[in-house]
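1. fold the stuff below for me.
(2 chains)
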Amino acid sequence: MIKTDTIIIGAGPVGLFAVHQLGIKGLNAVVIDNLDKAGGQCIELYPDKPIYDIPAVPECTGEELTKQLLSQIKPFKTKMFFNERVEEVTQDKENWIIKTNKDNQFFAPNIIIAGGVGSFEPRKLSLKEAEKFEGRSVFYSVRNKEDFKSKNISIFGGGDSALDWALELSKFSKINLIHRRDEFRGAPHTLSEIKKLEKDGKIIIKTPCQLEAIEGDKNIRSITIKFDNGKIEKINTDIILSFFGLIMKLGPIAEWGLNMNKKTIQVNPKNFETNKKGIFAVGDICSYPGKLKLILSGFHEVALASVECFKRARPNEKYKFEFTTSSKTIKDRLGKK
Amino acid sequence: MPKITYKDNQGNSKTIEVENGLTVMEGAIQNNVPGIDADCGGGMACATCHVYVEEKWFNKLPKAEEGEVDMIDMAFEPKKNSRLSCQLIVSDELDGLEVTTPEKQS
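-> Residues are numbered from 1 along each chain as shown, chains lettered A, B, ... in the order given. As a prediction, this is how the structure comes out:
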């Protein structure tokens, strides 16, 4: 069991800034996120899109913002647990115990939920039969390339992931790239590579069409696709790889006994505490009168929540408000002279 | 105020007066019309406000920009007449617009 002052759920911009606000108050934290890296929506949804409303930063991309936040919290050497989802929250007197899907346990007086709109999960194929082949013949990500060697692979999707894996796997497998419209969305050099491989017969492109049926018993034998003009085609397929992006699922958070309002958690706008003492919600996932889903609002929310976290983690100390410009203690914590 | 009709895939429908300037998504959310989630809040970043637009209306709408079309690829069961309702801005010209929500959004 890992003991800390605050467990932060979500490594998006607000979760990362929480580390900072707690850190300058002398509190330590751990961060848990279902994705494989920090950044949350900024990295998953719009890494290259410019953001124009971060105060004093006229323009930056989601990726740049994440990078800057990570460098801002570097002095605190906070441990981050990625690819891990919080499953269970239980109370132990004044403290909370969190259990993850990897069976890690964390113990702290405070939990800050900075979970955005929930955890990201791959969007599944809408065809019902796909479910029974999942994990054997139907995949939504590539864990180990070796499993996809010398196979007939049908890749669905028109974005970067579909294109990148079509290129990569075409080195040792037969690839059908199937998309619902003629246009693909990807880096120009990736698109030209794909065109080249299509000419060489390494990749077969099928557009505009969608998956109509899957045939097979234990494993897939073939798939049927339907073109927009009504034409039907059967394609020998061992493996389906589907890349229809990520969806956001609230997941287990809904079962922790917090007051919810649709997919958001109601908080007290004074300190962003939920109906459970010591559990806070900040950023896109919290709601209160006038709430705006902006990154800057999340920064404000977590600054206030961190004060309450301090009071709970250090009940015998008095909280002292300090400026980073003048506080020697804060400068020490940041490793500045 | 323009009237917008929201149908679900079961054939139930609800007609609501939506103020000019709001989006078709906002009209649904503010009036508790089920079937539109709008997880990202109208940022064209999630495809959970996906609707099908009746053909006669589809061609009258301003064309979807590239970002919207890309995002529709990620929607649940996209069709030729798919749009993101957060990108459809209500105006007098859209009075009578009918949209159908898909079986589910995610």
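2. who touches the residue in chain A that chain B sits nearest to in this structure?
-> For chain A and chain B, the shortest gap (Cβ to the nearest Cβ) falls at A:Gly245, measuring 3.6 Å. No exception for glycine: its C-beta is placed from N, CA and C like everyone else's. Contacts for A:Gly245 (Cβ atoms under 8 Å, 6 or more residues apart in numbering or on different chains) come out as A:122-123, A:157, A:159, B:47, B:73-74.
3. likewise for A:Asn34?
-> Contacts of A:Asn34 (Cβ under 8 Å, 6+ apart): A:83-85, A:119-121.
4. which strand residues bridge the spatially closest residue to A:Lys3 that is not a sequence neighbour?
-> Nearest residue to A:Lys3 in three dimensions, chain neighbours excluded: A:Phe107, at 4.8 Å (Cβ to Cβ, 6 or more residues apart in numbering or on different chains). Taking DSSP bridges as the rule, A:Phe107 bridges to A:Lys3, A:Ile97.
5. just to check, A:Ser287 is in contact with A:Val267?
-> Yes. Contact criterion Cβ atoms under 8 Å: A:Ser287 and A:Val267 qualify, at 7.1 Å.
6. looking at those two, which is more packed in?
-> Neighbours were counted for A:Ser287 and for A:Val267 using other Cβ atoms under 10 Å in any protein chain shown; A:Val267 has more, 25 against 19.
7. from A:Ile285, how far off is the more buried one?
-> As judged by Cβ to Cβ, to the nearest Å, A:Val267 and A:Ile285 stand 9 Å apart.
8. just to revisit the earlier point, within reach of chain B, which of the contacts of A:Asn34 are there?
-> Near chain B, taking Cβ under 8 Å from any Cβ of the partner chain as the test, no member of the contacts of A:Asn34 is found.
9. who are the contact partners of the nearest residue to B:Ala45 once chain neighbours are set aside?
-> Distances taken as Cβ to Cβ, 6+ apart place A:Leu45 nearest to B:Ala45, at 4.6 Å, with adjacent residues excluded. Residues in contact with A:Leu45 (Cβ under 8 Å, 6+ apart) are A:62, B:40, B:45-46.
10. would you format these as JSON lines with secondary structure, pLDDT and distance to A:Leu70 included?
-> Converted to JSON lines, these look like this (DSSP: H, G, I helix; E, B strand; the rest coil; pLDDT from 0 to 100; distance: Cβ to Cβ, whole Å):
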{"residue": "A:Gly62", "secondary structure": "helix", "pLDDT": "91", "distance to A:Leu70": "13"}
{"residue": "B:Cys40", "secondary structure": "coil", "pLDDT": "78", "distance to A:Leu70": "23"}
{"residue": "B:Ala45", "secondary structure": "coil", "pLDDT": "80", "distance to A:Leu70": "22"}
{"residue": "B:Cys46", "secondary structure": "coil", "pLDDT": "82", "distance to A:Leu70": "25"}
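11. neighbour-wise, which of the residues you listed leads?
-> Of those, with other Cβ under 10 Å as the count, B:Cys46 tops at 27 neighbours.
12. where does chain A have its least confident helix or strand?
-> strand A:246-249 (a mean of 80; mean pLDDT, DSSP states H and E).
13. that strand pairs with which strands?
-> Short version: by DSSP bridges, strand A:246-249 pairs with strand A:119-122 (antiparallel).
14. so which bits of the strand it pairs with are buried?
-> For strand A:119-122, a neighbour-count test (16 or more other Cβ atoms under 10 Å in any protein chain shown) marks A:119-120 as buried.
15. next structured bit after it?
-> As assigned by DSSP states H and E, the chain's next helix or strand after strand A:119-122 is helix A:130-133.
16. quick one: the helices in chain B?
-> B:24-30, B:55-58, B:66-72 (DSSP state H).
17. one more: the stretch 151-300 of chain A?
-> Along the stretch 151-300 of chain A, the segments classed as helices by DSSP state H, counting those that start in this stretch run A:160-169, A:188-199, A:295-313.
18. how about the residues of chain B near chain A?
-> So chain B meets chain A at B:37, B:39-41, B:45-48, B:69-70, B:73-74, B:76-78, B:80, B:106 (Cβ under 8 Å from any Cβ).
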